[in-house]
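Chemist: Please find the sequence and the predicted model below.
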Amino acid sequence: MATFHLQIVTPDRMVYDGESPKIIVRTVNGDVCILPRHIDYAVPLAIGEARITDEKGETRVAACNSGMLSVHGNEVRLVAVTFEWADDIDLERAKRAETTAQQALEQLQREDRDFTLAEAKLKRALNRIHVKG
Amino acid sequence: MAGSSMKAIKLRIKSVESTMQITKAMQLVATSKLRRAKERMENSKPYAAISREALQEAVMQCDEKSTPFLELREEKNRCYVVIAGERGLAGGYNANVFKALAAHAEDRPFSVLPLGKKAIDKFQHMHVPLLDDSLSHVEGLSVGSCFQLANRLIEGYQHGDFDALFLVYTSFRSMMAQEVQLEQLLPIERAEESGENARAVATIYEPSPAEMLEAVVPDYLAGRLYSAACDSFASEVSARRNAMDSATKNAGEMISDLRLKYNRARQGAITQEITEIVAGAEN
């Protein structure tokens, strides 16, 4: 099985460093699947689900939040702001974040500066809940 | 006479001993913190390095007009992010950072975003405009707060509050050597043209190199701040460890010196007493 070298990093650690035959991530343009021998490519990421297949062929799901994806020859790099495997997600915390974000949104107007922030918070919380569930 | 000097020496030894206990304890604390600090620093490095590389590749595809992050403006106002320590007693750690900043800023006006209590105090004292004075704690600085900082800095930059952004921090080279680093964060500097360029040309950027850049710059800045903070904290702790190590050694030397003096004084007193007794017996 052809593979490529995948590195997943977040600011506080290297999450994954190894071979992978296939990943699917949500970019700003929608979901993208990277297979070996992909053309050199770079794109910013959105908030969404990431599916990473490891060298044994097992696929793991993770909640991925912003950042970028770059492909250079055989090197694929996923530079994410946060990246949590489904098993590591704290569901209670995500649910709490969802309620607080929703409450904040009800108080705010669309033009407010904090509206976008609260909206992003809500999106992240919903994404975590979705990935975990 | 001999008795009072003996007492004075004894008191001196006691006070040096208690100082030594403190320096020793601080050294031990620094040593135990160092391991964790180094680990955090190592973990923060890949992100900063990889995002920097990706950024440079995107930069090669953009021209100055396409995004404000590349545009060279006239440098009227500079802003420095200064990372110093929370406490002193770390050798020249804090002073070196401020020295490097003063040498770079010369007489131009600048504003500062200080991290670490020592930096906040210093610039408040100098009456330099501060962007924020609440970040006194470098040790526990979270990734989240780095993102908030990065967003604020970018807002300030786009708003025109400052035309160039620099970062001053201390880089951990080894246990013995820490080096102050000063680098430009905004506008983004172009790396030297090289073979890499050809590789970047063949890359497809979605939606476009400029949009890609705008999306990645805040993340890059935040990652850079976080990694610099981790680097600085590791440097601070190891600088303190070294300073306290030599303080403990010096105290030890001083004590053995004083012991010698004490014993000499004691011997002198005994000799004198014998001479007095002998003289009395002869009479």
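Modeler: Ah, there it is.
Chemist: On the three-state scheme, the residue in chain A that chain B sits nearest to is what?
Modeler: Using C-beta to the nearest C-beta, A:Pro44 is the residue of chain A that sits closest to chain B, at 3.6 Å. For the C-beta atoms, the positions are set from N, CA and C on the backbone; glycine is no exception. When classified by DSSP: H, G, I helix; E, B strand; the rest coil, A:Pro44 comes out as strand.
Chemist: where's the closest residue to it other than its chain neighbours, which helix or strand?
Modeler: In this structure, A:Pro44 finds its nearest non-sequential neighbour in B:Ala215, 3.6 Å apart by C-beta to C-beta, 6 or more residues apart in numbering or on different chains. Using DSSP states H and E, the element containing B:Ala215 is helix B:209-282.
Chemist: what distance separates that helix from the centre of its chain?
Modeler: 18 Å (C-alpha atoms, centre = their mean, to the nearest Å).
Chemist: Ok, stretch B:124-133 next?
Modeler: Distance of stretch B:124-133 from its chain centroid, counting by C-alpha atoms, centre = their mean, is 18 Å.
Chemist: got the buried residues for it?
Modeler: For stretch B:124-133, the neighbour count (16 or more other C-beta atoms under 10 Å in any protein chain shown) marks B:128, B:131 as buried.
Chemist: which residues does the residue nearest to A:Pro44 contact?
Modeler: Counting by C-beta atoms under 8 Å, 6 or more residues apart in numbering or on different chains, B:Ala215 makes contact with A:28, A:44, A:66, A:68.
Chemist: Can you tell me the SS state at the third one?
Modeler: The three-state assignment at A:Ser66 reads strand, by three-state DSSP.
Chemist: What is the top helix by length along chain A packed up against?
Modeler: As assigned by DSSP state H, the longest helix anywhere in chain A is helix A:113-132. On a contact count with 3 or more C-beta pairs under 8 Å, 6 or more residues apart in numbering or on different chains; DSSP states H and E, helix A:113-132 meets strand A:47-53, strand A:59-72, strand A:75-85, helix A:91-107.
Chemist: Out of these, flag the one nearest B:Val180.
Modeler: B:Val180 lies closest to strand A:75-85 among these, at 27.5 Å (C-beta to C-beta).
Chemist: Mean confidence (pLDDT) on the closest one, please.
Modeler: Averaging pLDDT along strand A:75-85 yields 92.
Chemist: Spell out which parts of chain A neighbour chain B.
Modeler: A:7, A:9-14, A:27-29, A:39-44, A:66-68, A:70, A:72, A:77, A:79, A:81 (C-beta under 8 Å from any C-beta of the partner chain).
Chemist: And these, which of them are buried?
Modeler: A:7, A:9-14, A:27-28, A:40-44, A:66-68, A:70, A:72, A:77, A:79, A:81.
Chemist: circling back: quick one: pLDDT of the residue nearest to A:Pro44?
Modeler: Looking at B:Ala215, its pLDDT stands at 85.
Chemist: And it, how far from B:Gln148?
Modeler: For B:Ala215, the distance to B:Gln148 (C-beta to C-beta, to the nearest Å) stands at 17 Å.
Chemist: dump the residue contacts of the residue nearest in space to the middle of chain A.
Modeler: Nearest to the mean C-alpha position of chain A, by C-alpha atoms, centre = their mean, lies A:Cys64 at 1.4 Å. Applying C-beta under 8 Å, 6+ apart, we find A:Cys64 in contact with A:25-26, A:45, A:47-50, A:78, A:80, A:82-83.
Chemist: so what's the closest residue to A:Glu84 other than its chain neighbours scoring on pLDDT?
Modeler: Distances taken as C-beta to C-beta, 6+ apart place A:Ala63 nearest to A:Glu84, at 5.0 Å, with adjacent residues excluded. Turning to A:Ala63, the model gives it a pLDDT of 93.
Chemist: ok, A:Ala63 touching A:Val81?
Modeler: No - the criterion here is C-beta atoms under 8 Å, and A:Ala63 misses it with A:Val81 at 11.1 Å.
Chemist: Which one, of the helices and strands packed on helix A:113-132, ends up nearest to B:Val82?
Modeler: The closest of these to B:Val82 is strand A:75-85. By C-beta to C-beta, the value is 24.7 Å.
Chemist: That closest one - contacts with which helices or strands?
Modeler: strand A:4-10, strand A:13-20, strand A:22-27, strand A:59-72, helix A:113-132, helix B:2-60, helix B:209-282.
Chemist: Count the residues that sit near B:Ser32.
Modeler: Using other C-beta atoms under 10 Å in any protein chain shown, the number of residues around B:Ser32 comes to 12.
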